[in-house]
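S.K.: What follows is a predicted protein model with its sequence.
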Amino acid sequence: MYIDTSVAVKLFTLEPDSQESESIVADSSLVSSELLYCELRTALHAKKRSNLISSPMMASAWETFEEYLSKKRIRLMAFDNALVREAASVVDRVHPGVSLRTLDALHLATFIRMDAGPLFTKDKRTREAARQLNLPLAG
């Protein structure tokens, strides 16, 4: 199953739908883009700045994420120039129906390139773009 950052944040911090997200990914092999490494770190810092998590909670979430990576519970796929061009194509294919952001387009292009099972996202624009592209969705 491919997860994007909107789901990863729910898996590594406590949010209202974290438990539901955990049950959806249970027993799945998880895959994402290398983007997740930086995006999750950025999201954790944003939660800390907003006083939604403490410094120890942030450290714990990051440690758990790193453990997932080391145990290959999440595999991250590197991206290259060709993937960036594929992401631009994804933007064109869903325009004007969806105003897709750059990193979301990169996640979708990575998903399309991989055979990772369904796409699991909590991001509304990404979900709508996936629907327009007839991509299989989880959750």
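M.R.: Cool, the structure landed.

S.K.: Now for the closest residue to residue 54 other than its chain neighbours: which residues touch it?
M.R.: In this structure, residue 54 finds its nearest non-sequential neighbour in residue 48, 7.4 Å apart by CB to CB, 6 or more residues apart in numbering. (Each C-beta comes from the backbone N, C-alpha and C, glycine too.) Listed by CB atoms under 8 Å, 6 or more residues apart in numbering, the contact partners of residue 48 are 54, 55, 58.

S.K.: Please identify which helix or strand holds residue 48.
M.R.: Using DSSP states H and E, residue 48 sits in helix 35-49.

S.K.: gap between that helix and the chain center?
M.R.: Distance of helix 35-49 from the chain centroid (CA atoms, centre = their mean, to the nearest Å) equals 12 Å.

S.K.: Can you point out the buried residues in it?
M.R.: For helix 35-49, a neighbour-count test (16 or more other CB atoms under 10 Å) marks 35, 36, 37, 39, 40, 43, 44, 47, 48 as buried.
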